[in-house]
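A.B. asks: from the sequence below, what's the structure:
(2 chains)
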Amino acid sequence: DQQVKQNSPSLSVQEGRISILNCDYTNSMFDYFLWYKKYPAEGPTFLISISSIKDKNEDGRFTVFLNKSAKHLSLHIVPSQPGDSAVYFCAASGTGTASKLTFGTGTRLQVTL
Amino acid sequence: KAGVTQTPRYLIKTRGQQVTLSCSPISGHRSVSWYQQTPGQGLQFLFEYFSETQRNKGNFPGRFSGRQFSNSRSEMNVSTLELGDSALYLCASSSGTGWGNEQFFGPGTRLTVL
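C.D. replies: Here you go, the predicted structure:
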């Protein structure tokens, strides 16, 4: 049972344009959501997070939106840069289990020149 | 601050053997979580240790175990290795307190079981 889903395995975006990565979840007990970026042969790198009491969080070029009623979150990267090319994972945790992250399957982002 | 370190980075074992992986968290972090990454199953939570106690556990068989020392360093052990245990094993550290604390990952240990 995949509780966190990233339905797009890959995404290609031109440099300078917006990248939008999507994530859906099914477990209503999740109350904290995170995005990680991963390069091959490295561990995931934390990007940005959002708690369930907010619907938007922004950090530089990265913005995460949360729609609780739809159980959907998205990561916007503006403007996209070639160095953003990586696999992006969304993850979720619930109350009392903050250190137990449930990950999506990842979306490979390719930013082209 | 130094990041999360994991040793060894690469390991090759044969079926039936056992293996021990090590993780040193970021200084001051008291929580260490372990994850398994495979192409088929993605990143899956194994267990979390906080102040030397297992606090959360995922759905893995008892062959997978861990422990944490008083300096927060953690080890993970897999006994009676199977071919399907070949994976990237990642550990992550966090403060372990508060709501939604972010986890910071190490580079992982790539385990190959032949």
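
A.B. asks: quick one, what contacts the residue nearest the centre of chain B?
C.D. replies: When CA atoms, centre = their mean is applied to chain B, the residue found nearest the centroid is residue B:34 (3.0 Å). The neighbourhood of residue B:34, defined by CB atoms under 8 Å, 6 or more residues apart in numbering or on different chains, consists of B:23, B:45, B:46, B:47, B:48, B:66, B:74, B:76, B:89, B:90, B:91, B:92. Every C-beta, even on glycine, is put in place using the N, C-alpha and C of the backbone.

A.B. asks: again, only this time at 6 Å
C.D. replies: Taking CB atoms under 6 Å, 6 or more residues apart in numbering or on different chains, we find residue B:34 in contact with B:46, B:47, B:76, B:91.

A.B. asks: give me the phi and psi for it.
C.D. replies: Dihedral angles of residue B:34 (phi, psi; degrees, to the nearest 10) stand at phi -120, psi 140.

A.B. asks: now swap in residue A:83 and tell me
C.D. replies: phi -70, psi -10.

A.B. asks: just residue A:84 next, same as before
C.D. replies: phi -80, psi -10.

A.B. asks: tell me the strands beside the least confident helix or strand in chain A by mean pLDDT, with direction?
C.D. replies: Sorted by mean pLDDT, DSSP states H and E, the helices and strands of chain A end with strand A:97-103, the least confident at a mean of 80. Taking DSSP bridges as the criterion, strand A:97-103 sits next to strand A:86-94 (antiparallel) in its sheet.

A.B. asks: and the pLDDT at residue A:95?
C.D. replies: On the pLDDT scale, residue A:95 is placed at 73.

A.B. asks: which residues of chain B lie near chain A?
C.D. replies: B:31, B:33, B:42-43, B:45, B:48, B:56, B:90, B:94, B:100-102, B:105-108 (CB under 6 Å from any CB of the partner chain).
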